[in-house]
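*Asks:* just to be clear, the model below is a prediction. Sequence and coordinates:
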Amino acid sequence: MSNDKIKELRLPKEILAAAWAIALGAIAPMLDSTMVNIAVDTLIKDFNTTLNIVQWSITGYVLALAIAVPVSGWLMNQFNGKKIFVGAVIAFGVISVFIGISWSIFSFIFFRLLQGFSAGIITTLMMTLLVKTAGQENLGRVMAIVSTPMIFGPIFGPVIGGFIVQGASWHWIFFINVFIVLIAVPLMLKYIPDFEPFNKDSKLDVFGIIILSLTSVALIFGITKAADHASFHNDQTILWAGVGFVFVIIYLVYNRIRKNQTVLPMSLFRHKTFLASTIGLFLANIAIMGPMLILPLFFINIHDFTPIQASLALIPQGIGMLVTRPLIGKLIDGIGAKYVVMFSLVISLIGSTPLIFITDKTSMIWISIVLFIRGTGVGGIMLPLMSDAYTGIDDKQLPQAGVGINIIENLGSSFGTAIIATVVATAIHGLQSTIANDLKGYHAGFLVSAVVLAVIFIPSLFLTHKKNAS
């Protein structure tokens, strides 16, 4: 490879610095959303309450995050994106202090709702500002950098959370955010460029924001209830899913009347790559996030691991994702998303299919190797799909595209955890609780994940391919 070609592949320092600063701003919300799960038992005891009430601090966080997504689209159109992003990160840190000093379970839930809202603004702005910073030609490599917090969250969050709960107290799960924010904010102020409002002429689409928020809340809440009951046939799921679909129809009619002048114009889905990428992202969230729910349970129930040991057992998958990250970014920019996704799907299936056959006798070394292979493949699915979703999108439409992508990802991950939990419960329904019977449930869950991964080959056919890449 010539020196000129190598120089071309190197990212400009200012883009690199801005990307890392944006990634740093997103680390606290990504870690926080997974760390709190470890503290559930401690919270029940400390606040002298029930699991159902504590669950609202997790469900409420997700719902508030979903509500913030369409709001953040308007904020980007009207104000300097850097100021909104930095402001949301500072708000996240300040709210974390209030959660840490909560005096009752209800104040705890209230502050978690506020925290979820600020996290929704951070995660939506993160991707959109990144696309604007990087430009289409550098998008893959920059996405590889900025999406690092997304890996750190699910993989290392439970481990860090477990050590904090055991070594200190649950309060420090939230106080630790203050230190992250204090480090992140000065670097963000220094390295993130100012962003002009994307479309100052756009009016606040109050009705569209309300309908989209209600749609997300109704569907996610209904799906959550399916996971709770381990069945999609419970009254609450049917009711809330029905309400969600009514809101979808209302929004589609409203969007048509407004001729796509809405917070999420349906005309975006006329872009072939945007449509294919969003379908792929929805399915990928089911295939990837679903097993993230049952893998720790497999280690706890089948291998008698403690929660911290179960979290540590997942680290090989995270290392696999991190190892391939830089290479995947370069490949996306070099050859386009299509073949990167296809090849990654093959690797992911090689690393996912053995999970259908693992038992309590399977060696942990073998499981670690399988999870590592799975991680290397999984990293190459989400990243190109996300990058390709923005390909060919006009600058003025970036906020709307960010809104659409985030809503679909939130629904996909909620649906993934619910469908896998339901499949596991259905497979062992009525059977005596033995290791052999429990394994049937886990195997069924892993099988569903592998099948959904295979289905992603269909939308991947419509992703971009850079023919002139040399």
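*Replies:* Yep, it's here. Residues are numbered from 1 along each chain as shown.
*Asks:* what's the distance between stretch 191-210 and the middle of its chain?
*Replies:* Centroid separation for stretch 191-210 versus its chain: 23 Å, with Cα atoms, centre = their mean, to the nearest Å.
*Asks:* which residues touch that stretch?
*Replies:* 14, 17-18, 20-22, 70-71, 74, 76-82, 85-86, 129, 132-133, 251, 254-255, 258, 261-264, 395-396, 398-399 (Cβ atoms under 8 Å, 6 or more residues apart in numbering). For the C-beta atoms, the positions are set from N, CA and C on the backbone; glycine is no exception.
*Asks:* how does it look with 7 Å?
*Replies:* With Cβ atoms under 7 Å, 6 or more residues apart in numbering as the test, stretch 191-210 has contacts from 17-18, 21-22, 70-71, 74, 76-82, 129, 132-133, 254, 262-264, 395-396, 398-399.
*Asks:* ok, stretch 135-144 next?
*Replies:* 11, 15, 19, 130-131, 134, 325-326, 328-330, 332-333, 383-384, 386-387, 390-391.
*Asks:* likewise for stretch 368-381?
*Replies:* 284, 288, 314, 316-321, 323-325, 328, 340-341, 343-345, 347-348, 350-352, 354-355, 456.
*Asks:* in helices only, show me those.
*Replies:* 284, 288, 316-321, 323-325, 328, 340-341, 343-345, 347-348, 350-352 (DSSP state H).
*Asks:* quick check: pLDDT value at Phe247.
*Replies:* Here the pLDDT value assigned to Phe247 is 90.
*Asks:* pretty sure it sits against Ser216.
*Replies:* No: with contact defined as Cβ atoms under 7 Å, Phe247 does not count as touching Ser216 (9.0 Å).
*Asks:* more crowded one of the two?
*Replies:* Higher neighbour count among Phe247 and Ser216: Ser216, with 26 against 20, using other Cβ atoms under 10 Å.
*Asks:* tell me how far the more buried one lies from Leu349.
*Replies:* Remark: distance between Ser216 and Leu349 (Cβ to Cβ, to the nearest Å) = 31 Å.
*Asks:* same thing with Leu295?
*Replies:* For Leu295, the distance to Leu349 - Cβ to Cβ - is 17 Å.
*Asks:* looking at those two, which is more packed in?
*Replies:* Neighbour count, other Cβ under 10 Å: between Leu295 and Leu349, Leu295 has more, with 22 against 19.
*Asks:* buried set for stretch 132-149?
*Replies:* With burial defined by 16 or more other Cβ atoms under 10 Å, the residues of stretch 132-149 counted as buried are 132-134, 138-149.
*Asks:* select only the buried ones of the contacts of stretch 135-144 in PyMOL?
*Replies:* For the buried members of the contacts of stretch 135-144, the matching PyMOL selection, counting by 16+ other Cβ under 10 Å, is:
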select buried, resi 11+15+19+130+131+134+325+328+329+332+333+383+384+386+387+390+391
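*Asks:* among the contacts of stretch 135-144, which lie within helices?
*Replies:* Short answer: those in helices (DSSP H) are 15, 19, 130-131, 134, 325-326, 328-330, 332-333, 383-384, 386-387.
*Asks:* and the residues you listed, which is the shakiest by pLDDT?
*Replies:* Minimum pLDDT across the ones in helices among the contacts of stretch 135-144 falls on Ala134, with 73.
*Asks:* name the nearest residue to it, sequence neighbours excluded.
*Replies:* Val142 (3.8 Å; Cβ to Cβ, 6 or more residues apart in numbering).
*Asks:* what's the distance between that neighbour and Met127?
*Replies:* 10 Å.
*Asks:* mutual contacts of those two, please.
*Replies:* Common neighbours of Val142 and Met127 (Cβ under 7 Å, 6+ apart) do not exist.
*Asks:* buried stuff in stretch 233-249?
*Replies:* 237, 240-241, 243-244, 247.
*Asks:* now, which of those residues sits nearest Trp56?
*Replies:* The shortest gap between Trp56 and any of the buried residues of stretch 233-249 belongs to Trp240, at 15.1 Å (Cβ to Cβ).
*Asks:* ok, that closest one to Leu385 distance?
*Replies:* Taking Cβ to Cβ, one finds Trp240 at 28 Å from Leu385.
*Asks:* Ile407 too?
*Replies:* 15 Å.
*Asks:* out of the two, which sits in the busier spot?
*Replies:* Leu385 (31 against 22).
*Asks:* what about Trp103, neighbour count?
*Replies:* Counted by other Cβ under 10 Å, the residues lying close to Trp103 total 8.
*Asks:* mind checking the SS state of it?
*Replies:* At Trp103, secondary structure determined by DSSP: H, G, I helix; E, B strand; the rest coil is coil.
*Asks:* model confidence score at it, please.
*Replies:* 87.
*Asks:* check the one 5 residues further on too.
*Replies:* With respect to pLDDT, Phe108 scores 90.
*Asks:* list the residues that contact it.
*Replies:* 47, 57, 99, 102.
*Asks:* helix or strand for it, just tell me which one.
*Replies:* Using DSSP states H and E, Phe108 sits within helix 105-134.
*Asks:* Asp194 too?
*Replies:* Applying DSSP H and E, one finds Asp194 in no helix or strand.
*Asks:* give me the pLDDT for Ser202.
*Replies:* On the pLDDT scale, Ser202 gets 67.
*Asks:* name the surrounding residues that touch the strand or helix carrying Val451.
*Replies:* Assigned by DSSP H and E, Val451 belongs to helix 435-455. Applying Cβ under 7 Å, 6+ apart, the external contacts of helix 435-455 come out as 283, 286-287, 290-291, 294, 298, 301-302, 345, 348-349, 352-353, 355-356, 359-360, 419-420, 423-425, 427-428, 431.
*Asks:* what does stretch 238-250 give?
*Replies:* Applying Cβ under 7 Å, 6+ apart, the set of residues contacting stretch 238-250 is 211, 214-215, 218-219, 221-222, 225.
*Asks:* could you rerun that using 8 Å?
*Replies:* 211, 214-215, 218-219, 221-223, 225, 232.
*Asks:* what's the most distant pair in those?
*Replies:* Maximum pairwise distance among these (Cβ to Cβ): 24.0 Å, between Ile211 and Phe232.
*Asks:* neighbour count for the two, which is higher?
*Replies:* Applying other Cβ under 10 Å to Ile211 and Phe232 shows that Ile211 carries more neighbours, namely 22 against 17.
*Asks:* tell me the two of the contacts of Phe108 that are most distant?
*Replies:* Among the contacts of Phe108, Phe47 and Ile99 lie farthest apart (Cβ to Cβ), at 12.3 Å.
*Asks:* more neighbours: the two, which one.
*Replies:* Using other Cβ under 10 Å as the criterion, Phe47 and Ile99 rank with Ile99 on top: 24 against 19.
*Asks:* the closest residue to Leu293 other than its chain neighbours: neighbour count?
*Replies:* Counting by Cβ to Cβ, 6+ apart, Leu293 lies nearest to Thr417, which is 4.7 Å off, once chain neighbours are set aside. Residues contacting Thr417 under the criterion other Cβ under 10 Å number 22.
*Asks:* helix or strand: which one has Thr417?
*Replies:* With DSSP H and E as the criterion, Thr417 is inside helix 398-428.
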